[in-house]
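Enquirer: Sequence first, predicted model second:
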Amino acid sequence: MNSTINISAVEKLKAYFELTKFRLSMTVVFSSCFGYALAAQDLNIAYLLVFGLASFLVTASANVINQIKEKDLDRLMSRTHSRPLPSGRLSVQEAAAFSLLCGLAGLAMILILFNLYAALLALLSLLLYGFVYTPLKRVGPIAVAVGALPGAFPPMIGWVASSGHFGLEPGILFAIQFFWQFPHFWAIAWVLDDDYSKAGFKLLPSKGGRDLSSAFQIMSYTLFLLPLCWVPYYLGMTGINSAVIALLSGVLFLAQTLHLMKERTNKAALKLMFGSFLYLPVVQIAYLLDKV
């Protein structure tokens with residue numbers, strides 16, 4: 001078991017920054033701010049930025065909890081063995097204090113500056129990701145379904161923070177991101193299956209791993225996005241232009257899953273993975289611009 005190593009103050013700060021998983025956290029912030037802006041009748045940029053910061057802090061807290069619980073497993077995988085905790089650059093105590101500080105600060109900002117409902121949703125998302133999804137990753141693909149819940153919360157939290165109420169609108173934003181999670185995460189799991197297996201992670205939907213059954217299930221979840229993408233238009237949240245863009249994006253996304261079914265290779269899964277990274281922001285930006 002690695003002990004904490006002595007590093008400079010600058011390296012220590014860099015290690016704390018790495019704990020936040022900045023790029024991943026910023027994708028969550030983007031979805032959260034999208035939901036906030038879409039719900040706003042008169043968008044206040046200052047409040048949007050504050051909400052984005054609060055979202056980042058809560059997300060960072062959840063990411064740190066994940067890394068604390070998986071510290072020993074991260075040491076086994078090529079992709080994660082150099083992270084701050086398995087490498088010994090930070091101790092578990094330091095990471096836990098940082099997670100607590102970020103989580104409390106982010107939740108307090110949402111509670112005080114926005115509303116209780118959004119704060120409770122943010123807290124639930126943090127708990128589900130850090131304490132339910134994380135340990136399930138070694139149990140089986142059920143982890144992906146559980147992880148898709150907090151993964152789909154950001155735009156819903158944004159809408160509730162902005163509007164102060166629930167309804168069909170935040171529900172459909174949640175549903176689109178929920179079903180997107182499956183092809184997105186399973187594409188990643190396909191590409192990283194060898195590395196994941198070193199830590200005992202069982203994330204692909206089929207017991208056969210990278211087989212036709214897994215590819216078929218990936219494709220199946222993508223189908224849900226095609227009808228769902230029209231619902232914001234029917235609810236009056238956006239216009240017809242964004243609905244068409246979302247449909248075309250969904251068709252292209254589906255085509256990539258069909259290609260994976262045909263090829264069943266890491267190369268096809270990698271293309272799908274990058275396609276999934278593009279799909280969500282393209283659709284969300286289209287909805288937002290059409291609303292404007």
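Expert: On my side now, so go ahead. Numbers count the residues shown, from 1 in each chain.
Enquirer: how's this structure carved up into domains?
Expert: Following automatic domain parsing, the chain resolves into domains at 7-159, 167-292.
Enquirer: Could you take the ones you listed and lay them out as JSON lines, with extra columns for mean neighbour count and mean pLDDT?
Expert: (C-beta placed from N, C-alpha, C; glycine too.) Formatted as JSON lines, these follow (neighbours: other CB atoms under 10 Å; pLDDT from 0 to 100):
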{"stretch": "domain 7-159", "mean neighbour count": "19", "mean pLDDT": "95"}
{"stretch": "domain 167-292", "mean neighbour count": "19", "mean pLDDT": "95"}
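Enquirer: can you give me the strands for the stretch 151-292 of the chain?
Expert: In the stretch 151-292 of the chain, no strands are defined using DSSP state E, counting those that start in this stretch.
Enquirer: Show the residue spans covered by the helices in it.
Expert: Here the stretch 151-292 of the chain has its helices, by DSSP state H, counting those that start in this stretch, at 168-191, 193-198, 212-223, 225-228, 231-234, 240-263, 266-291.
Enquirer: Compare these and report which one is nearest to K21.
Expert: helix 168-191 (13.8 Å; CB to CB).
Enquirer: how near is A246 to V29?
Expert: A246 sits 21 Å away from V29 when distances are taken as CB to CB, to the nearest Å.
Enquirer: Contacts only, for K198.
Expert: Residues counted as contacts of K198 (CB atoms under 8 Å, 6 or more residues apart in numbering) are L76, M77, S78.
Enquirer: between those, which is closest to A189?
Expert: Within the set of the contacts of K198, M77 lies nearest A189; the separation is 12.8 Å, counting by CB to CB.
Enquirer: Excluding residues flanking it in the chain, which one is nearest the closest one?
Expert: Nearest in space to M77, with sequence neighbours left out and distances taken as CB to CB, 6 or more residues apart in numbering, is D195 at 4.8 Å.
Enquirer: can you pull the contacts of the one you found?
Expert: M77, S78, R79.
Enquirer: which residues sit in contact with the first one?
Expert: Taking CB under 8 Å, 6+ apart as the criterion, M77 is in contact with D195, Y196, K198, A199.
Enquirer: Let me know the closest of those to K69.
Expert: The shortest distance between K69 and any of the contacts of M77, using CB to CB, involves A199 and amounts to 11.8 Å.
Enquirer: Just give the nearest non-adjacent residue to that closest one, would you?
Expert: Distance criterion CB to CB, 6+ apart; nearest residue to A199, sequence neighbours excluded, is L73 at 4.0 Å.
Enquirer: Please apply the same query to I7.
Expert: Once its chain neighbours are removed from consideration, I7 has its nearest residue in R89; the separation is 5.6 Å (CB to CB, 6+ apart).
Enquirer: distance of that neighbour from A286?
Expert: R89 sits 41 Å away from A286, taking CB to CB as the criterion.
Enquirer: do Q67 as well
Expert: 34 Å.
Enquirer: what does Y233 give?
Expert: Computed with CB to CB, the distance linking Y233 and A286 is 11 Å.
Enquirer: Kindly report the same for W180.
Expert: Remark: distance between W180 and A286 (CB to CB) = 14 Å.
Enquirer: now A189
Expert: Relative to A286, A189 is positioned 28 Å away (criterion: CB to CB).
Enquirer: for P154, same thing?
Expert: P154 is 17 Å from A286, by CB to CB.
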